[in-house]
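# sequence first, predicted coordinates after that:
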Amino acid sequence: MNAAAKAEGVEVTVGMIGVPTDIGASDRGACMGPEALRIMGLNEDLSGLGHRVRDHGDLSGPANPQRAPRRGLRHLREVNAWCSVLRDKVGELLGAGEVPLILGGDHSISIGSVSGVAAHCTSLDKPLSVIWLDAHADFNTPASSPSGNIHGMPLAALCGQIELEEIDIEPGRPLLDPTNVHLVGIRSVDATEKSMIMDCGVNVYDMRTVDERGMVAIMREILEAVTGVGGHLHVSFDVDFLDPPIAPGVGTTVAGGATFREAHLCMELIHESGLLGSLDLVELNPMLDVHGQTAAMMVDLTGSAFGKKIVYRPGQPRAH
């Protein structure tokens with residue numbers, strides 16, 4: 001049973017996994033993100049919608065050694081260790097019929113979560129689509145990254161542009177078909193990233209596109225494309241997708257992000273599509289938050305992805 005079942009009024013089992021690490025970032029603090037989301041009532045919010053929530057606790061991995069980059073990569077061994085254990089756990093939850101909800105942690109962990117989803121899809125011969133909600137393209141490579149931080153590289157790695165040992169499903173094989181990746185909300189893209197995402201065929205909806213076309217039209221177009229492909233939808237939600245004044249609790253703020261209502265529309269439309277199969281929440285840094293407002297907003301938005309609505313429309317299932 002998956003989120004599609006919930007769209008028809010049937011509860012799902014949400015498998016919550018904490019990944020308390022900031023191993024892929026420069027700023028410390030994202031390692032506290034999972035607990036902040038729990039404290040803000042994520043479990044209770046989802047349970048109140050009628051879902052079964054199984055909190056599997058936090059995964060364990062190496063501490064942040066705060067070393068300088070080597071060959072353009074910081075903490076590759078440690079990132080691989082976290083991603084390997086997360087990959088296996090996500091596969092285990094999907095095999096048990098749960099909807100994985102991954103609480104980060106910096107965005108490098110999505111290499112592990114998406115790898116686990118991809119392995120599951122490959123075993124079932126199902127296609128995989130990804131909606132990547134982010135201020136950044138996350139398409140840097142060791143050669144192009146100014147910092148060597150792997151949280152700026154996960155989408156490039158997942159599309160086969162970087163060889164990160166220990167996390168590939170098959171050596172040399174891209175985990176994602178870039179044409180099934182939908183990058184929404186970007187407004188900070190390095191020159192090399194720009195050419196790479198265009199050459200790979202990633203579907204890009206930057207904030208100018210959002211301004212010109214509106215979030216509803218964009219999300220409906222994306223969800224129609226995902227429906228056409230079939231299979232599994234994974235959503236990776238980076239806090240910096242949001243405009244900094246409403247979500248200050250992130251180390252990589254970029255002005256001009258999605259508004260409160262635009263973000264809710266994204267999540268509400270994803271729920272109404274019945275397509276959501278797994279979800280990342282990444283880059284929440286409680287050290288930079290203001291009175292917990294970013295954590296509270298992420299909990300609220302996650303509720304929308306699982307059926308929480310402001311108003312009820314005829315023909316739609318009611319949610320609390």
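Yes, it's here.
# grab the nearest non-local neighbour of the residue nearest the centre of the chain.
Nearest to the geometric centre of the chain sits Ser236, at 1.5 Å (C-alpha atoms, centre = their mean). Closest residue in space to Ser236, ignoring its immediate chain neighbours: Asp280 at 4.3 Å, by C-beta to C-beta, 6 or more residues apart in numbering. C-betas here are computed from N, CA, C, even on glycine.
# after whichever strand or helix holds the one you found, heading C-terminal, what element do we hit next?
According to DSSP states H and E, Asp280 maps onto strand 276-282. The element immediately downstream of strand 276-282 (helix or strand, assigned by DSSP H and E) is helix 293-305.
# what's the angle from the helix or strand hosting Ala81 to strand 276-282?
According to DSSP H and E, Ala81 maps onto helix 76-95. Put simply, helix 76-95 runs at 150 degrees to strand 276-282, going by axes from the mean of the first three to the mean of the last three C-alpha atoms, to 10 degrees.
# helix 76-95: how far from the chain's middle?
15 Å (C-alpha atoms, centre = their mean, to the nearest Å).
# packing partners of the next helix or strand after that helix?
Using DSSP H and E, the helix or strand that follows helix 76-95 in sequence is strand 99-104. Under the contact criterion of 3 or more C-beta pairs under 8 Å, 6 or more residues apart in numbering; DSSP states H and E, strand 99-104 touches strand 13-19, helix 33-39, helix 76-95, helix 110-124, strand 276-282.
# which residues touch the helix holding Ala81?
Helix 76-95 has contacts (C-beta atoms under 8 Å, 6 or more residues apart in numbering) with 15, 17, 19, 21, 23-24, 56, 59-62, 64-65, 70, 99-100, 102, 105, 108-109, 111-113, 115-117, 119-120, 150, 164-167, 277-278.
# ditto for stretch 183-193
131-137, 139-141, 143-144, 146, 155-156, 197, 202-207, 210, 218-219, 222, 241, 254-258, 266.
# now do the buried residues in that stretch.
183-190, 192-193 (16 or more other C-beta atoms under 10 Å).
# mind listing the helices in the stretch 101-250 of the chain by residue range?
110-124, 154-158, 191-200, 207-213, 215-229 (DSSP state H, counting those that start in this stretch).
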